[in-house]
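> this one's sequence-less:
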């Protein structure tokens, strides 16, 4: 772990935004294929006040003209014969295996306008060396796995802290290999984590981020970085957004879940930039996606489980990060990195940071889990990957505070 930061902040493909409690409007269905710019989503006066920009998930012209034949999805299980898939099937059709494999890992930004507090970092006294491992390096013997009840130690009382518990999937085969309770090394690459694919409306190219299913009453919600769903300042929503849990070398073991509704913090919409930016640009680089059912009419969290959520906790914590970094096996395989975080300062905010992960583009939006249980593969999301420093040797996450909790509460009701 390095004790000083050299060079400028580099940002992975995520959106960051501090909520400003701006009134927003909901986008009508007829705006799906021709959305307005981001300002109209966040500044149009409506009957209800909201702290996040929101929209019906837009489609691109490519999708509207796509061949309506169904795409092939490998490795699905647990079919419900009476279930009917939701959403526009052309979105699923658009994302062929070839398009997914060729999607561009969202790049880190260069040359930010503001230095990181003169390259001064705030970190723990003891040096920690995070470990990195990929899904294919772990034990995947295929022995039967029996889900266990998740138990966690009580946190010290905090007046503003909020928490949501994780939930196990309805089916026990949503994870790989055999796990040991309390194991220090990540050997369970839970399919709760996955890839997010999207088309950037500004250049028409296909990109990929990371994300994870999170527990809500609807069993439909994904958490990721804000920049994985919206282009930021003076830009608009990405299109053709889908989540593929447990993606592995082109295989979609639980199918494809298209986006139905998007929420991102207003700070990203107002301040977020692909290059440069200030602390306000990255503070709340977080988004929540409400998904449709997959091709077999199945709900996301019922299939793969959902992580819990922590907000208003210390930015220094024992973290387990999952992602699909493009610099490791071309982003085709899930990787994990774990260790104790420290912080870096982008005035006036302190961002949780994990040194030694070397996660580049494509890792944006991957969950940072506290209270990680290797047996279940579940934990509580306390941040998501937002940007990288030191030539991708360190990654930093969004700040999960009260505004993020408020956005989550609204997303849970979408």
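Nice, thanks for sending it over. This structure is a prediction, so every number in the text was calculated from the model and none was measured. Residues are numbered from 1 along each chain as shown.

> and residue 100, what is it in contact with?
For residue 100, the contacting residues are 195, 197, 208, 244, 247, 250, taking Cβ atoms under 8 Å, 6 or more residues apart in numbering as the criterion. For every residue, glycine as well, the C-beta is placed using N, CA and C.

> tell me if it really is in a helix.
Yes. Assignment of residue 100 by DSSP: H, G, I helix; E, B strand; the rest coil places it within a helix.

> about what we covered before: columns distance to residue 373 on top of the contacts of residue 100, output as JSON lines?
JSON lines is the format used below for those (distance: Cβ to Cβ, whole Å):
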{"residue": "195", "distance to residue 373": "23"}
{"residue": "197", "distance to residue 373": "28"}
{"residue": "208", "distance to residue 373": "27"}
{"residue": "244", "distance to residue 373": "23"}
{"residue": "247", "distance to residue 373": "22"}
{"residue": "250", "distance to residue 373": "29"}
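
> gap between residue 268 and residue 161?
Computed with Cβ to Cβ, to the nearest Å, the distance linking residue 268 and residue 161 is 24 Å.

> more crowded one of those two?
Legend: neighbour count by other Cβ atoms under 10 Å for residue 268 and residue 161, higher for residue 268 (38 against 16).

> so the more buried one touches residue 284, yeah?
Yes. In this structure, residue 268 sits in contact with residue 284. The criterion is Cβ atoms under 8 Å, and the distance is 6.6 Å.

> specify the local secondary structure of residue 91.
Following three-state DSSP, the label given to residue 91 is helix.

> how about it: what's its closest non-neighbour residue?
Nearest residue to residue 91, sequence neighbours excluded (Cβ to Cβ, 6 or more residues apart in numbering): residue 258, at 4.4 Å.

> likewise for residue 315?
residue 352 (4.1 Å).

> where's that neighbour, which helix or strand?
Element membership of residue 352, judged by DSSP states H and E, is strand 349-355.

> direction included, what does the next helix-or-strand element following that strand pair up with?
Counting by DSSP H and E, the next helix or strand C-terminal to strand 349-355 is strand 367-373. With DSSP bridges as the test, strand 367-373 is paired with strand 318-323 (antiparallel), strand 378-389 (antiparallel).

> for strand 367-373, what is the average pLDDT?
Here the mean pLDDT over strand 367-373 is 96, rounded to a whole number.

> for the stretch 151-300 of the chain, which spans come out with low pLDDT?
Regions of the stretch 151-300 of the chain meeting the criterion pLDDT under 70 cover residues 151-159, 171-185, 274-276.

> all helices of it, in order?
Secondary structure of the stretch 151-300 of the chain (DSSP state H, counting those that start in this stretch): helices located at 266-271, 279-282, 300-304.

> how far away is the spatially closest residue to residue 281 that is not a sequence neighbour from residue 405?
In space, not counting the residues next to it along the chain, residue 281 is nearest to residue 271; the distance is 4.6 Å by Cβ to Cβ, 6+ apart. Remark: distance between residue 271 and residue 405 (Cβ to Cβ) = 20 Å.

> what about these two, which has more around it?
More neighbours sit around residue 271 than around the other of residue 271 and residue 405, counting by other Cβ under 10 Å; the figures are 22 against 18.

> how much space between that one and residue 389?
Taking Cβ to Cβ as the measure, residue 271 and residue 389 are separated by 19 Å.

> can you check residue 102 too?
Computed with Cβ to Cβ, the distance linking residue 102 and residue 389 is 28 Å.

> more neighbours: which of those two?
residue 389 (27 against 11).

> partners of the more buried one in the sheet?
Under DSSP bridges, the beta-bridge partners of residue 389 are residue 394.

> make sure it is actually in contact with residue 360.
No. The criterion here is Cβ under 8 Å, and residue 389 misses it with residue 360 at 11.8 Å.

> of all the helices of the stretch 151-300 of the chain, which one is nearest residue 89?
Distance to residue 89, taken as Cβ to Cβ, is lowest for helix 300-304 among the helices of the stretch 151-300 of the chain, at 17.1 Å.

> tell me what that closest one is packed against?
Using 3 or more Cβ pairs under 8 Å, 6 or more residues apart in numbering; DSSP states H and E as the contact test, the elements touching helix 300-304 are strand 206-213, strand 221-224, strand 239-245.

> what sits against the residue nearest to residue 315?
Counting by Cβ under 8 Å, 6+ apart, residue 352 makes contact with 315-317, 319, 341, 343, 368, 382-383, 396-397, 399.

> dump these into TSV; add neighbour count and distance to residue 225 as well.
Formatted as TSV, the entries for these read as follows, by neighbours: other Cβ atoms under 10 Å; distance: Cβ to Cβ, whole Å:
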residue	neighbour count	distance to residue 225
315	22	17
316	16	21
317	17	19
319	25	16
341	27	17
343	18	18
368	31	11
382	28	14
383	33	10
396	31	11
397	29	9
399	26	12
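
> what is the nearest of the residues you listed to residue 53?
Each of the contacts of residue 352 was checked against residue 53 using Cβ to Cβ; the closest is residue 399, at 17.9 Å.

> sec struct for that closest one, please.
The three-state label given to residue 399 by three-state DSSP is coil.

> just the pLDDT at residue 347, thanks.
We have a pLDDT of 86 for residue 347.

> and it, how many residues sit next to it?
A total of 13 residues lie near residue 347 under the criterion other Cβ under 10 Å.

> quick thing: my sequence starts at 672, can you match it?
Will do, 672 is the new start, and the previous item becomes residue 1018.

> from residue 1034, how far off is it?
Applying Cβ to Cβ, one obtains 25 Å for the distance of residue 1018 from residue 1034.

> same check on residue 984?
Using Cβ to Cβ, residue 984 is found at 22 Å from residue 1034.

> just residue 996 next, same as before
4 Å.

> between those two, what contacts are shared?
With contacts taken as Cβ under 8 Å, 6+ apart, residue 996 and residue 1034 have residue 776 as neighbours in common.
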